[in-house]
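Undergrad: build the 3D model from these lines:
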Amino acid sequence: MHFSIPETEVRSDENGSSYVAYNIHVNGVLHCRVRYSQLLGLHEQIKKEYGNNVVPAFPPKKIFTLTPAEVDQRREQLEKYMQAVRQDPILGSSEMFNSFLRKAQQETQQIPTEEVQLEIYLSNGQKVKVNILTSDQTEDVLEAVASKLDLPDELVGYFSLFLVQERADGSCTYVRKLQEFELPYVSITSLHSSDYRIILRKSYWDTAYDSDVMDDRVGLNLLYAQTVSDIDRGWILVNKEQHRQLKSLQEKGSKKEFIRLAQTLKYYGYIKFDPCITDFPEKGCHVIVGAGNNELNFHVKLPNEQMKEGSFKVTRMRCWRVTSSVSSVFDNIECLVCSTQNENTVIICSLSCCLHF
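TA: Take a look at the predicted model:
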């Protein structure tokens, strides 16, 4: 997840006093608004729990009212602080950090804690309605869905909830995987659009885990529905003969055999992101990025209409981001299928290896 604080707002509290709110964005989407004092409180808690030598530097207090330039400087410092905490394997996964973000998200969207019904979609379009609290975190909602489907507890960790955007033509964009620091009901409600939905999907890349999932009836049905959906949307490449074989297996109801054949096909288990425009290898190139099998895959259409393909292993990446060159509600894309991008983007990579076509 990419944390940023791209902007601040001057707001008023219940007493009419004005204060500066720092807007925390996650993958380019507003997650919450917080005051400096709230982040300072979080910092003091983390420091008390984990020690000074672990916690990153925090911008100091100021005695006098900050000038606009000082507010912007503090914004940059707080952004770096949030990024450093999130990237730390201990601090970023701590319940202290995650609960702070969940509470701040709920307060920002002003959604009270109450029982609601939330619709979760399966890959075949079917809906599962679960009764949850608006304050339930992602793990709670996932467990509620699994219980409704009778998915065994030992298989719940093989699946995740994803936020997707549906288009008028029936296609969909995977916005991001819902994280442990957010409240799914609040996340989807805050978008104020019926175009968004939450989908249950497997969350692993290693196809060896498919065997564990297929041993269970519910797991098999979920994996089968996802595989059929990925083939229908063109994420898995299928030639005419393979299509004939798959159709025959479908008609026989041979779900395991269908999945095993699909496992041999190119890009099985990948998620494809929206088309974007890159400045590499030439400016103005259209590229489709796919993530799967521990790699990022690129299909690049050069200005001369020639198609090139390349890939590199995720384990060899030092740092990478895809950022929008225009204003968009989705500014960033992150590895492990966490965000998507619109058509006006620029790829910026810093790699420990070179990507060759």
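Undergrad: now the strands for the stretch 251-357 of the chain?
TA: Assigned by DSSP state E, counting those that start in this stretch, the strands in the stretch 251-357 of the chain fall at 271-272, 276-278, 285-292, 295-301, 307-313, 317-324, 332-333, 345-351.
Undergrad: given the third one, what are its sheet partners and their directions?
TA: Spelled out, that is strand 285-292. Using DSSP bridges, strand 285-292 pairs in its sheet with strand 271-272 (antiparallel), strand 276-278 (antiparallel), strand 295-301 (antiparallel).
Undergrad: redo those as TSV? Include mean pLDDT and distance to S193.
TA: Quick note: C-beta positions are derived from backbone N, CA and C, even for glycine. As requested, these are arranged in TSV below (pLDDT from 0 to 100; distance: least, CB to CB, whole Å):
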stretch	mean pLDDT	distance to S193
strand 271-272	85	22
strand 276-278	81	22
strand 295-301	85	29
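Undergrad: can you redo the ones you listed as a markdown table with distance to I63 and mean neighbour count?
TA: A markdown table is the format used below for the strands paired with strand 285-292 (distance: least, CB to CB, whole Å; neighbours: other CB atoms under 10 Å):
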| stretch | distance to I63 | mean neighbour count |
| --- | --- | --- |
| strand 271-272 | 50 | 20 |
| strand 276-278 | 46 | 20 |
| strand 295-301 | 48 | 18 |
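Undergrad: the helices in this structure, which residues?
TA: Per DSSP state H, the chain carries helices over the ranges 36-50, 68-87, 95-109, 138-149, 153-156, 184-189, 210-214, 217-232, 240-252, 255-263.
Undergrad: tabulate those helices (TSV), appending distance to K61, mean neighbour count and mean pLDDT.
TA: Shown next, in TSV, are the helices of the chain (distance: least, CB to CB, whole Å; neighbours: other CB atoms under 10 Å; pLDDT from 0 to 100):
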stretch	distance to K61	mean neighbour count	mean pLDDT
helix 36-50	7	16	96
helix 68-87	10	16	96
helix 95-109	19	18	97
helix 138-149	34	18	98
helix 153-156	44	13	97
helix 184-189	31	20	97
helix 210-214	52	17	97
helix 217-232	51	19	97
helix 240-252	64	13	97
helix 255-263	57	18	98
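Undergrad: what about the nearest residue to M82 once chain neighbours are set aside, distance to L223?
TA: Among residues not flanking M82 along the chain, F3 sits closest, at 4.5 Å (CB to CB, 6 or more residues apart in numbering). F3 is 33 Å from L223, where distance means CB to CB, to the nearest Å.
Undergrad: what of N304?
TA: According to CB to CB, N304 and L223 sit 41 Å apart.
Undergrad: related to what we said a few turns ago, which stretch among the helices of the chain comes nearest V300?
TA: Taking CB to CB, helix 217-232 is the member of these nearest to V300, at 21.7 Å.
Undergrad: got a list of what E76 touches?
TA: I5 (CB atoms under 8 Å, 6 or more residues apart in numbering).
Undergrad: nope, E79 is what I meant
TA: 3-5.
Undergrad: save those as JSON lines, and put in neighbour count and pLDDT too.
TA: Formatted as JSON lines, the contacts of E79 follow (neighbours: other CB atoms under 10 Å; pLDDT from 0 to 100):
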{"residue": "F3", "neighbour count": "22", "pLDDT": "93"}
{"residue": "S4", "neighbour count": "19", "pLDDT": "95"}
{"residue": "I5", "neighbour count": "21", "pLDDT": "97"}
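Undergrad: coming back round to it: would you turn the helices of the chain into TSV with distance to E14?
TA: Converted to TSV, these look like this (distance: least, CB to CB, whole Å):
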stretch	distance to E14
helix 36-50	15
helix 68-87	22
helix 95-109	13
helix 138-149	30
helix 153-156	41
helix 184-189	21
helix 210-214	50
helix 217-232	47
helix 240-252	60
helix 255-263	56
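Undergrad: out of those, nearest to D169?
TA: Closest to D169 of these is helix 217-232 (CB to CB; 13.3 Å).
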